[in-house]
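Peer 1: 3D, please:
(one chain, ligands or ions: 1)
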Amino acid sequence: MQEFDVVIIGSGPGGYVSAIRSAQLGFKTAIIEKYAVLGGTCLNVGCIPSKALLDSSEHYYNAVHTFQEHGISIGKPKVDLEQMIARKSGVVSNLNAGVSYLMKKNKITSFNGLGSFDGPKTIKVTKADGSSEIISGKNIIIATGSKPTVLPFIPVDKKRIITSTEALKLTEIPKHLIVIGAGVIGAELGSVYARLGSKVSFVEFADSMIPTMDKTMGKELQKAVAKLGAEFYLSHKVSSAENKGKEVVVKATNANGEEVEIKGDYCLVCIGRRPYTDGLKLEAAGLATDERGRIAVDEHTLQTKVPGIYAIGDVVRGAMLAHKAEEEGVFVAEIIAGQKPHINYNLIPGVVYTWPEVASVGKTEQELKTAGIAYKEGSFPFKALGRAIASMDVDGLVKVLADAHTDEILGVHIIGARAADMIAEAVVAMEYRASAEDVARMSHAHPTYTEAMKEACLAATSKRAIHS
Ligand SMILES: Cc1cc2nc3c(=O)[nH]c(=O)nc-3n(C[C@H](O)[C@H](O)[C@H](O)COP(=O)(O)OP(=O)(O)OC[C@H]3O[C@@H](n4cnc5c(N)ncnc54)[C@H](O)[C@@H]3O)c2cc1C
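Peer 2: Numbering: from 1, shown residues only. Prediction:
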């Protein structure tokens, strides 16, 4: 039996990053992945392929809608969906190879097969051909991630009623795509097909898009997505979805209790993700999941109730985000090495890669109100920003929330071009507990989108934005 210091189950951003950090710390490390390729949800059917399609569809949209104004004539652009999907697959394969390279470079042993507990220190790896072997780990890290949530009254057939995984490899552009759930994944994939010409209808239980983010963001994003021709059924509870051959019929109840019926040719179900532990045989290690299917861990160590077994990423509590999983992967390796790492969960940014992009960190206005924290708010619109006007990306704003007494920045919410990259400045500022005035007094290159951050901080600190 092969013996390791650290055995990691799952090769997503949590698992493979944890493997690299464990190897860097001198541990003999193994990683187990049931699929033939490494990288998990994020690389294979999540972050990366969705961003590849978002980029391609954005290029197409701009070719149709903005090139002419920029003075570029190219005739009538046409979508080659097969090529678009093939390019996306190429990006994924490229990165799969990159992760495999990193495993070899760091002398991490990879096992391809389903990992299941055989005891608290032993894992059985069952390969695709049915053969199996048992390996042991002084420490075991569960990084098995998540799968799309399904509901019994929405029968996902993966043909017409699909999840995000199928939406990343469609062979035709839907005429009418019904998206159940206008959260992050629904908003992103709905945008892809709306840009490619589909009519898109969002059906959402909450009263806004991206309902877990600051309310202003949802309102502004809805305005932007509506410009793509999308329609919204907000505050609607879906009661059924039926594949009728070439048509899908979705029924939902609105806030007045009235039933509406929406007909389309595809229905994309994006109602969230559930922690994934199928086949893991947790009970053989003395573990179980909680009522939401998650593995419970100690807040300070991410160790489960069984000494030497840890869990990270989507399979534990907290935001289901790749960078959160990565931080936890590094954290656990360092805990095993006896170090004292720290993760500031308040400063894990959340991003929606629509156009305009949305990015947030820290507290929302609603959270501050609920917590009774007195705050000041400062906003700056992109339409007043030279850089945004030059590129014709004038939708959106930066909203800064600062403590009313100390001026410390408590939350930053951005919707606008390049918000995903801009949020890093807010994370750094907040990690060092900067005041709005600190950021407002720093020089920001002109003309850049980041000037909107400076201006919003000026507005928050003392209502003295320069350009609005
Ligand atoms: C469409 C989409 C877009 C997304 N976009 C973003 C984004 O832009 N930014 C972002 O931060 N997050 C995004 N996410 C979320 C992100 O993908 C997840 O938060 C992240 O992948 C979680 O990482 P993880 O390591 O916990 O698990 P995963 O990435 O889910 O990896 C778990 C791995 O474990 C393997 N596994 C499971 N059980 C076993 C077993 N018993 N034996 C062996 N292997 C096993 C699985 O096959 C999988 O490869 C997106 C998700 C989706 C679906």
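
Peer 1: rest of the way, CA atoms for contacts and neighbours
Peer 2: Will do.

Peer 1: which parts of the stretch 201-350 of the chain sit against the ligand?
Peer 2: Selection of the stretch 201-350 of the chain residues close to the ligand by Cα under 6 Å from any ligand atom yields 277, 279-280, 313-314, 320-323, 325.

Peer 1: let's see the PyMOL selection covering just the buried ones among those residues.
Peer 2: Per 16 or more other Cα atoms under 10 Å, the buried members of these correspond to this PyMOL selection:
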select buried, resi 277+280+313+314+320+321+322+323+325
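
Peer 1: ok, the most centrally placed residue in the chain - contacts?
Peer 2: Geometric centre of the chain, nearest residue: L321, 4.9 Å, by Cα atoms, centre = their mean. With contacts defined as Cα atoms under 8 Å, 6 or more residues apart in numbering, the neighbours of L321 are 313-314, 350.

Peer 1: residues contacting the residue of the stretch 51-200 of the chain found nearest the ligand?
Peer 2: Relative to the ligand, the nearest point of the stretch 51-200 of the chain is G145 (3.1 Å; Cα to the nearest ligand atom). Contacts for G145 (Cα under 8 Å, 6+ apart) come out as 10, 12, 40-41, 275-277, 313-315.

Peer 1: redo that, cut-off 6 Å
Peer 2: Taking Cα atoms under 6 Å, 6 or more residues apart in numbering as the criterion, G145 is in contact with 275-276, 314-315.

Peer 1: the ligand contacts on the stretch 51-200 of the chain?
Peer 2: Within reach of the ligand by Cα under 6 Å from any ligand atom, the stretch 51-200 of the chain has these residues: 113-116, 143-146, 164, 185.

Peer 1: can you give me the helices for the stretch 201-350 of the chain?
Peer 2: 215-226, 322-336 (DSSP state H, counting those that start in this stretch).

Peer 1: among the contacts of L321, which lie within strands?
Peer 2: G350 (DSSP state E).

Peer 1: any chance of the contacts of L321 in JSON lines, plus distance to A288 and pLDDT?
Peer 2: Converted to JSON lines, the contacts of L321 look like this (distance: Cα to Cα, whole Å; pLDDT from 0 to 100):
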{"residue": "G313", "distance to A288": "17", "pLDDT": "98"}
{"residue": "D314", "distance to A288": "16", "pLDDT": "98"}
{"residue": "G350", "distance to A288": "29", "pLDDT": "98"}
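
Peer 1: is it possible to export the contacts of L321 to TSV including distance to E3?
Peer 2: Formatted as TSV, those follow (distance: Cα to Cα, whole Å):
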residue	distance to E3
G313	25
D314	27
G350	38
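
Peer 1: next, the residue of the stretch 51-200 of the chain closest to the ligand: phi, psi?
Peer 2: Per-residue torsions, G145: phi 70, psi -140 (degrees, to the nearest 10).

Peer 1: ok, back up a step: from the contacts of L321, which single one is nearest V64?
Peer 2: Proximity of these to V64 (Cα to Cα) peaks at G350, which lies at 29.8 Å.

Peer 1: can you count the residues close to that closest one?
Peer 2: 20 (other Cα atoms under 10 Å).

Peer 1: what do you get for K399?
Peer 2: For K399, the count of nearby residues is 29 (other Cα under 10 Å).

Peer 1: got the contact list for it?
Peer 2: Listed by Cα under 6 Å, 6+ apart, the contact set of K399 reads 378-379, 412-413.

Peer 1: nearest to the ligand among those?
Peer 2: Nearest to the ligand among those, with distances taken as Cα to the nearest ligand atom, is H413, at 16.5 Å.

Peer 1: count of neighbours near that closest one?
Peer 2: So H413, with other Cα under 10 Å, has 30 neighbours.

Peer 1: wouldn't it be in contact with K363 here?
Peer 2: No - using Cα atoms under 6 Å, H413 makes no contact with K363, being 9.0 Å away.

Peer 1: what secondary structure does K138 sit in?
Peer 2: The three-state label given to K138 by DSSP: H, G, I helix; E, B strand; the rest coil is strand.

Peer 1: A strand includes H413, no?
Peer 2: Yes - applying three-state DSSP, one finds H413 inside a strand.

Peer 1: longest helix anywhere in the protein?
Peer 2: In the chain, ranked by residue count with DSSP state H as the criterion, the top helix is helix 81-105.

Peer 1: after it comes which helix or strand?
Peer 2: strand 109-112 (DSSP states H and E).

Peer 1: quick one: contacts of that following strand?
Peer 2: By Cα under 6 Å, 6+ apart, the list of residues contacting strand 109-112 reads 30-34.

Peer 1: can you pull the buried residues of the helix or strand following that strand?
Peer 2: Sequence-wise, the next helix or strand downstream of strand 109-112 (DSSP H and E) is strand 114-119. Going by neighbour count (16+ other Cα under 10 Å), the buried part of strand 114-119 is 114-118.

Peer 1: closest to E247 among the residues you listed?
Peer 2: Using Cα to Cα, these come closest to E247 at L114, 37.0 Å.

Peer 1: relative to R387, how far out is that closest one?
Peer 2: According to Cα to Cα, to the nearest Å, L114 stands 51 Å off from R387.

Peer 1: same question for S360.
Peer 2: For S360, the distance to R387 (Cα to Cα) stands at 21 Å.

Peer 1: likewise I414?
Peer 2: 16 Å.

Peer 1: quick one: K147 and I271 touch, right?
Peer 2: No - using Cα under 6 Å, K147 is not in contact with I271, being 11.2 Å away.

Peer 1: those two: which is more packed in?
Peer 2: I271 (21 against 17).

Peer 1: contacts only, for the more buried one.
Peer 2: Listed by Cα under 6 Å, 6+ apart, the contact partners of I271 are G181.

Peer 1: the same query, at a cut-off of 10 Å, please.
Peer 2: 148-151, 163, 179-186, 204-205 (Cα atoms under 10 Å, 6 or more residues apart in numbering).

Peer 1: give the PyMOL command for selecting the buried subset of those residues.
Peer 2: Buried residues among the contacts of I271 (16+ other Cα under 10 Å), as a PyMOL selection:
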select buried, resi 148+150+163+179+180+181+182+183+184+185+186+204+205
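
Peer 1: before we move on, the earlier item: how about the residues of the stretch 51-200 of the chain next to the ligand in JSON lines, adding pLDDT?
Peer 2: Converted to JSON lines, these look like this (pLDDT from 0 to 100):
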{"residue": "G113", "pLDDT": "98"}
{"residue": "L114", "pLDDT": "98"}
{"residue": "G115", "pLDDT": "98"}
{"residue": "S116", "pLDDT": "98"}
{"residue": "A143", "pLDDT": "98"}
{"residue": "T144", "pLDDT": "98"}
{"residue": "G145", "pLDDT": "98"}
{"residue": "S146", "pLDDT": "98"}
{"residue": "S164", "pLDDT": "97"}
{"residue": "I185", "pLDDT": "98"}
